[in-house]
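A.B. asks: Need coordinates for the below:
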Amino acid sequence: MKRIGHFIGGQRTGEFGRTAPVYDPATGVQTGEVGLADVAEVDQAVAAAAAAFGEWRHSSLTTRSRVLFAFRQLVDEHRQELAALATAEHGKVLSDAAGEVARGLECVEFACGIPQLLKGGHSAQAATGVEVHELKQPLGVVAGVTPFNFPVMVPLWMIPNAIASGNTFVLKPSEKDPSAALLIAALLKDAGLPDGVFNVVQGDAVAVDRLLDHPDVEAVSFVGSTTVARHIYERGAAAGKRVQALGGAKNHMVVLPDADVEMAADAAVSAAYGSAGERCMAVSVVVAVGAVADPVVDAVNKRIAKLRIGAGADPESEMGPLVTRAHRDKVASYLDIAAAEGAKVVVDGREQPFDGDGFFLGASLVDYVQPDMQVYQDEIFGPVLCVVRADTAQQAIDIVNANRYGNGAAIFTRDGGAARRFQHDVSVGMVGVNVPIPVPVAYFSFGGWKDSLFGDSHMYGPEGVHFYTRTKVVTSRWPDPSTSQVDLGFPTHR
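C.D. replies: Just a heads-up that it's a prediction; the model follows:
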């Protein structure tokens, strides 16, 4: 039984008072136990970060950049190990886990350019003899609370920009798949990051609330459900902290009558069922416009029948199990809810047999869903794809905009004008045109609107650097040297 503890001040630690089980979702077997930090352990991690801040904030940009370049190389060398940890504890297939590492690595590469990213503005002669310039300075100790569905990528959304900007960091990863965070910590240490600059506390709500309340924590970053995002935003803001809190989603994929049906169906299946639907950018709803509805439903149905579902470590698997038995059962319950509400369950994933005691659920497809149904309103976070039928493209946009979430949306069409209208009128933070999962590249920023975001800061990219720094404006007056009482050899100013 693997025992998974904390990483504080450059050392693994953990007394293991309260613990939580860690499972292999493909077998249902407990493979480890993770320590759940108490208040004292969180305080120890924050103290280590606070002690390291003074020296780290004064380190040169070249030093920070070199550490990040070294870290980037180590992450690249340990891609397979990081992916394997994600698969072993989350359950996603290895190809999905490898993609997660690759997208996280892009954020490390972005932060390697920190000397350019922290350049401030300068105005000469703002008034006679007066110059004004700005400094971008770190906040201090910052914290990240990350979800189970991306145990490598989401921490790497936060950590590189935060430490590159001169902050020190305390990470609280999900207790469901905690091991990847410790490997990240080890790689940062091997890259030359000083002890205490990066720390990991495993835990649950006790650790999260202590980070939110701790007077030495200046900012908190979060990705997870809307309920928890709201709690973190409200409690953190009440304590005077900066907070970026990304919440839940109900991402829509609008398919217009002129779309390539085969292309749209391929996209819907990969975006809805990849990582068993446990992605904040997963397509949860296909809005089929007009006569394209029946062909799209039929095409998705045919592809579901061919979808290979199995252990994430099996290279033949295209979809793995869900993260826990309880979550699997909750997701499955929505199929009964959908049927009771009058929707048509075209494919019931519960009917697919699986050997063993893993947390598997087959891909499910629900048609004739209405926006007032619970199966539409709730973030299911599993392999359940809903189909809503719309008469017109404008009605489809209205459906998307009426939803309380505003994370991402995609449109499939051959019409450039329709795509342009959609991208301007849809009320979401990220839009895909013939791209089902429009996650921005690392030099843009990730974030939604409405109940998908609390606070005003998106994640990683330029907004990430802005979140982890504060601007100081310096105004200087310099007398003309020709007026000096000491003759410096300058001509009289004219």
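A.B. asks: Okay, now the unreliable bits of the protein?
C.D. replies: Filtered on pLDDT under 70, the chain yields the residue ranges 492-494.
A.B. asks: residue nearest the centroid of it?
C.D. replies: Central residue of the chain (Cα atoms, centre = their mean): V154, 4.2 Å from the mean position.
A.B. asks: Now find how far off-centre the helix or strand containing R64 is within its chain.
C.D. replies: Using DSSP states H and E, R64 sits within helix 61-77. On the basis of Cα atoms, centre = their mean, to the nearest Å, helix 61-77 sits 21 Å off its chain's mean C-alpha point.
A.B. asks: Can you give me every residue that contacts A267?
C.D. replies: M253, V283, A410, F412, N434, V435, P436 (Cβ atoms under 8 Å, 6 or more residues apart in numbering). (Each C-beta comes from the backbone N, C-alpha and C, glycine too.)
A.B. asks: what about V387, which SS state?
C.D. replies: Three-state call for V387 (DSSP: H, G, I helix; E, B strand; the rest coil): strand.
A.B. asks: ok so, going back, now neighbour count too, for the contacts of A267, in a markdown table please.
C.D. replies: What follows is the contacts of A267, written out as a markdown table (neighbours: other Cβ atoms under 10 Å):
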| residue | neighbour count |
| --- | --- |
| M253 | 27 |
| V283 | 28 |
| A410 | 29 |
| F412 | 28 |
| N434 | 15 |
| V435 | 16 |
| P436 | 24 |
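A.B. asks: biggest separation within those residues, which pair?
C.D. replies: The span of the contacts of A267, defined through Cβ to Cβ, is set by V283 and N434 at 13.1 Å.
A.B. asks: what touches both of those two?
C.D. replies: A267, A410.
A.B. asks: ok, the contacts of A267 vs A363, which is closest?
C.D. replies: Checking the contacts of A267 against A363 by Cβ to Cβ gives V283 as the nearest, at 12.3 Å.
A.B. asks: so who does the closest residue to that closest one other than its chain neighbours touch?
C.D. replies: Spatial nearest neighbour of V283, excluding adjacent residues (Cβ to Cβ, 6 or more residues apart in numbering): A271 at 3.9 Å. With contact set as Cβ under 8 Å, 6+ apart, A271 has these partners: N251, M253, M281, A282, V283, A410, P436, I437.
A.B. asks: Adding distance to P115 and secondary structure, write these out as CSV.
C.D. replies: Output for those, formatted as CSV (distance: Cβ to Cβ, whole Å; DSSP: H, G, I helix; E, B strand; the rest coil):
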residue, distance to P115, secondary structure
N251, 36, strand
M253, 40, strand
M281, 31, coil
A282, 37, coil
V283, 39, strand
A410, 36, strand
P436, 36, coil
I437, 32, coil
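A.B. asks: Make JSON lines from those and add distance to S60 to it.
C.D. replies: Formatted as JSON lines, those follow (distance: Cβ to Cβ, whole Å):
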{"residue": "N251", "distance to S60": "42"}
{"residue": "M253", "distance to S60": "47"}
{"residue": "M281", "distance to S60": "37"}
{"residue": "A282", "distance to S60": "42"}
{"residue": "V283", "distance to S60": "45"}
{"residue": "A410", "distance to S60": "43"}
{"residue": "P436", "distance to S60": "43"}
{"residue": "I437", "distance to S60": "38"}
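A.B. asks: Count residues in the vicinity of the residue lying closest to V130 once chain neighbours are set aside, would you?
C.D. replies: Excluding the flanking residues, the one nearest V130 by Cβ to Cβ, 6+ apart is R477, at 5.2 Å. The tally of other residues near R477 (other Cβ atoms under 10 Å) stands at 10.
A.B. asks: where's R477 relative to V486, distance?
C.D. replies: R477 sits 19 Å away from V486 when distances are taken as Cβ to Cβ, to the nearest Å.
A.B. asks: can I assume V254 sits in a strand?
C.D. replies: Yes - checked against three-state DSSP, V254 lies within a strand.
A.B. asks: List the contacts of it.
C.D. replies: Neighbour list for V254: 286-287, 289, 390, 393, 396-397, 400, 409-412, 422 [criterion: Cβ under 8 Å, 6+ apart].
A.B. asks: which one of these is nearest K2?
C.D. replies: Nearest to K2 among those is A410, at 39.4 Å by Cβ to Cβ.
A.B. asks: Just to check, the closest one is in contact with V255?
C.D. replies: No - using Cβ atoms under 8 Å, A410 is not in contact with V255, being 9.2 Å away.
A.B. asks: now the strands: where do they sit in the stretch 201-350 of the chain?
C.D. replies: Ranges of strands within the stretch 201-350 of the chain are 217-223, 242-246, 251-255, 283-289, 344-347, based on DSSP state E, counting those that start in this stretch.
A.B. asks: Distance to D190 added to these, as JSON lines?
C.D. replies: Output for those, formatted as JSON lines (distance: least, Cβ to Cβ, whole Å):
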{"stretch": "strand 217-223", "distance to D190": "24"}
{"stretch": "strand 242-246", "distance to D190": "29"}
{"stretch": "strand 251-255", "distance to D190": "37"}
{"stretch": "strand 283-289", "distance to D190": "38"}
{"stretch": "strand 344-347", "distance to D190": "47"}
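A.B. asks: closest one to E55 among those strands?
C.D. replies: Evaluated over the strands of the stretch 201-350 of the chain, closeness to E55 peaks at strand 217-223, with 17.2 Å, by Cβ to Cβ.
A.B. asks: Next SSE downstream of the helix or strand where the residue nearest to the centre of the chain lies?
C.D. replies: Counting by DSSP H and E, the element that carries V154 is helix 153-164. For helix 153-164, the following helix or strand on the C-terminal side (DSSP H and E) is strand 168-172.
A.B. asks: quick one: that following strand to strand 217-223, angle?
C.D. replies: Orientation of strand 168-172 against strand 217-223 (axes from the mean of the first three to the mean of the last three Cα atoms, to 10 degrees) gives an angle of 40 degrees.
A.B. asks: chain center to strand 168-172, what's the gap?
C.D. replies: In terms of Cα atoms, centre = their mean, the centre of strand 168-172 is set 15 Å apart from its chain centre.
A.B. asks: Good, wrapping up.
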